[in-house]
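Engineer: I'll drop the sequence and a predicted model, then ask my questions.
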There are 2 protein chains.
Amino acid sequence: MMQKAKALDAADPLAHLRDAFFLPEGVIYFDGNSLGAMPKAALAEVDETMQQEWARDQITSWNKAGWFDLPTRYGDMLAPVIGAAPGEVVVCDSTSLNLFKALFAGLGLRPGRKVILAEASSFPTDLYMIEGVLAARPGLEMQLAENLLEAIDERVAVVLLNHVDYRSGALADVAAITARAHEMGAVVIWDLCHSAGVMPVGLNAHRVDLAVGCSYKYLNGGPGSPAYIYCAKRHLPEVQQPLSGWWGHEAPFAFAPGFSPDAGIRKFLSGTQPILSFRAMQAGLALIAAQDMATLRAKSQSLTALFIELVQARVPELELASPRAAQMRGSQVSFRHPEAYAIVQALISRGVIGDFRMPDLLRFGFSPLYLSHMDIVNAVQILHEIMADGLWKEPRFQARQAVT
Amino acid sequence: MMQKAKALDAADPLAHLRDAFFLPEGVIYFDGNSLGAMPKAALAEVDETMQQEWARDQITSWNKAGWFDLPTRYGDMLAPVIGAAPGEVVVCDSTSLNLFKALFAGLGLRPGRKVILAEASSFPTDLYMIEGVLAARPGLEMQLAENLLEAIDERVAVVLLNHVDYRSGALADVAAITARAHEMGAVVIWDLCHSAGVMPVGLNAHRVDLAVGCSYKYLNGGPGSPAYIYCAKRHLPEVQQPLSGWWGHEAPFAFAPGFSPDAGIRKFLSGTQPILSFRAMQAGLALIAAQDMATLRAKSQSLTALFIELVQARVPELELASPRAAQMRGSQVSFRHPEAYAIVQALISRGVIGDFRMPDLLRFGFSPLYLSHMDIVNAVQILHEIMADGLWKEPRFQARQAVT
């Protein structure tokens, strides 16, 4: 198996990218789907922002260093990664806040309808933001369903769903669900948090209306780096969102008393953006934007397939909780075990960094930018040892802490 | 006059703080009210965040480096600066977004009332966010007034106003307006963007209901550093806001499908926060939290008084656009001139950094942390030369650029 992994690594067209990241000694990192590893080039970007842009150029950096253009410039860099066109993506705020904007934008496009439809198994903050929209605008209704394809009907204004399920890693069918939503006259919002940067998304190809996502997972933007929002060009002239701060104004420096939104994607901006967190994400964004998404997807599938094969062979007491067919899953594999929490803690103590997800999931994310097939072999060896030795039974791995 | 300035500097109890900031050679910086100068200690904080927290500790930093606690920890550091108690302030998002939360929070406390009252001369984004609230929740009404004390009546649910006028620097009477609002049964929201960090605010002393502000001006948090929101403890149990993301949940790591807000100030959090921009603000926050606000205010008044005195003596063609009485103005002085734009550009070319504000204002902000009285003497000398030589008439100072 080691021979096979070495051969796969030798043939890996992305292998050279590993050097672009800071990867700590003794760590095999399967949490790129929570916080991506640091691109080495981010250090210089942040240093420049601190030492030159803030310290020396101070307020003049808004023009001189182009701070004012960062949200749209980064949006245009990200656009090809998710299959969007320039002018359809802006980087700003958090995913939660962009969901709020996208939900209101979608509702505004379907003024006669009252229902927001989402997955019962959705990433929770998506549902929390729907609740927020319902609190802000009385008279709306949230409907949750297991099978969205069946649940979309002519009462639905907006369908909100996750491209990749954060627990199982199951991939949703963007083409089919978007087409079905349009057939029923609904607007669709895709949450790309767990897919952007590891596979083609094809927003324009599938005529997606709106999308949101974060940049700190597979886009390697840094802790809490800004999120993004996509709006199809055909909707931009009429779409509106209520978080209407100065940066979304058509003339933000006119200091006019009345709000008049920008005609383009900048209308989705609100207040002042965290410039330092922006500049930290530039290196990761440049790196991902230079890749071919199909190549990333192929390596991601190869990594996850090898991981499943090895775990099932060597640690059969773990039950696969992700789709077996590679084309049905994202860049993530989950296994089920009643002692998942303690096993994840034991793995972390041995340098294998994954996630625990309630109630019984071990979750592993695979960044094709910096993981190798030999990483998989080594990680499964450690997992095997932990299970064989019963290391996870030690009391130090049982005490629960908050984990993100 | 130079003797007087030197004597004032020699007696300045805050003079030693100048060394804590990076101040570029040849620059006299009057834009601390737009983007505060960089505290030298911020470099080490950001370096630690990049090299250790992100690069080496990766996802474990959410617990290990306390990222999860930053919004409330920084809120507690800021609380005494604005006269609040621990647990009443949280750092997050932008001022615009926090205004949206505060407006809905205030409306929720006065469910029978429909009117949001604000100043006709308000900082524009405050009015834009009211428009956003009106767009989200049909049936509300915005009312603008010149004299808020007179305009507050029993129809008003929420009064939103600026502590310091961003154009004239005029200081509003927090005690009188808050008392009047309460007398009429209204909730009051103060925007502290242009006052926090240069004077006592006394939120609790005046029984203020809600407040918001940014941290990148006099708090020296860095470009676009996160904003904050204050809610009086007496309102926390019942108050609600609709930007209900995961971080405001009472159990954010339970991944529960339904939203249940935190019982305390954390209910004002929404999505994931930009950690790097947070960590950059820690140095400035620590510095300001260690000061006595009355001492800062006294120096601020001394600086602005000297500036007005010198400009009126040496550049009489500029018309004072700020209150003459020190107790009536914030830490800012504005002058009016038909060619204000070109004069500000000429000043910048000579290293005196101030702002132009439409249509005819030269605006100067005074940080008592790093400005000296001799800075004032030197800046007015340069201003005098520019006006005497007509330097501002050169074509290069006439072409307009966006200025923040």
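Structural biologist: Noted; the coordinates are in hand.

Engineer: Let's test this: mean pLDDT of stretch A:250-261, rounded?
Structural biologist: The average pLDDT within stretch A:250-261 is 92.

Engineer: actually stretch A:70-82, sorry about that
Structural biologist: Averaging pLDDT along stretch A:70-82 yields 98.

Engineer: Kindly report the same for stretch A:335-342.
Structural biologist: On average, stretch A:335-342 scores 97.

Engineer: and it, anywhere near chain B?
Structural biologist: No - Stretch A:335-342 lies out of reach of chain B by C-beta under 8 Å from any C-beta of the partner chain, never closer than 11.7 Å. C-beta here means a position set from N, CA and C on the backbone, and glycine is covered the same way.

Engineer: Next, the residues that contact that stretch from outside, please.
Structural biologist: With contact meaning C-beta atoms under 8 Å, 6 or more residues apart in numbering or on different chains, stretch A:335-342 is reached by A:311, A:317-322, A:343, A:356-357, A:359-362, A:392-393, A:397-398, A:400.

Engineer: can you map out the helices along the stretch 151-300 of chain A?
Structural biologist: Applying DSSP state H, counting those that start in this stretch to the stretch 151-300 of chain A gives helices spanning A:174-183, A:275-289, A:293-314.

Engineer: Packed most tightly, which of those helices would that be?
Structural biologist: Ranked by mean neighbour count, the helices of the stretch 151-300 of chain A are led by helix A:275-289 with a mean of 25 (mean count of other C-beta atoms under 10 Å in any protein chain shown).

Engineer: contacting residues for whatever residue of the stretch 251-400 of chain A ends up closest to chain B?
Structural biologist: The stretch 251-400 of chain A approaches chain B most closely through A:G271 (2.9 Å), counting by C-beta to the nearest C-beta. Applying C-beta under 8 Å, 6+ apart, we find A:G271 in contact with A:245-247, B:93-97, B:125, B:227.

Engineer: Columns mean pLDDT on top of the helices of the stretch 151-300 of chain A, output as CSV?
Structural biologist: As requested, these are exported to CSV (pLDDT from 0 to 100):
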stretch, mean pLDDT
helix A:174-183, 98
helix A:275-289, 98
helix A:293-314, 98
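
Engineer: Can you give me the neighbour number for A:Q51?
Structural biologist: Residues near A:Q51, counting by other C-beta atoms under 10 Å in any protein chain shown, number 13.

Engineer: if I pick it, what's in contact with it?
Structural biologist: Counted by C-beta under 8 Å, 6+ apart, A:Q51 has contacts B:L43.

Engineer: Including distance to B:S372, could the helices of the stretch 151-300 of chain A go into a markdown table?
Structural biologist: Listed next are these as a markdown table, based on distance: least, C-beta to C-beta, whole Å:
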| stretch | distance to B:S372 |
| --- | --- |
| helix A:174-183 | 61 |
| helix A:275-289 | 28 |
| helix A:293-314 | 55 |
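
Engineer: got those as a markdown table, with distance to chain B columns?
Structural biologist: As requested, the helices of the stretch 151-300 of chain A are exported to a markdown table (distance: least, C-beta to the nearest C-beta, whole Å):
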| stretch | distance to chain B |
| --- | --- |
| helix A:174-183 | 20 |
| helix A:275-289 | 3 |
| helix A:293-314 | 18 |
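
Engineer: between those, which one is nearest to A:D76?
Structural biologist: Across these, A:D76 has its closest neighbour in helix A:275-289 (9.3 Å, C-beta to C-beta).

Engineer: Which stretches in the stretch 1-150 of chain A count as strands?
Structural biologist: Using DSSP state E, counting those that start in this stretch, the strands found in the stretch 1-150 of chain A span residues A:21-22, A:28-29, A:38-39, A:89-91, A:115-119, A:141-145.

Engineer: Any idea which of those gets closest to A:L306?
Structural biologist: That would be strand A:28-29 among those, by C-beta to C-beta, at 13.3 Å.

Engineer: The strand or helix carrying A:L383: which residues count as buried?
Structural biologist: For A:L383, the enclosing helix or strand under DSSP states H and E is helix A:373-389. Residues A:373, A:375-383, A:386-387 are the ones in helix A:373-389 that count as buried (16 or more other C-beta atoms under 10 Å in any protein chain shown).

Engineer: Let me see the residues that make contact with it.
Structural biologist: Residues outside helix A:373-389 that contact it (C-beta under 8 Å, 6+ apart) are A:1-2, A:4-6, A:8-9, A:12, A:28, A:30, A:302-303, A:306-307, A:310-311, A:314-315, A:317-318, A:343, A:346-347, A:350-352, A:391-392.
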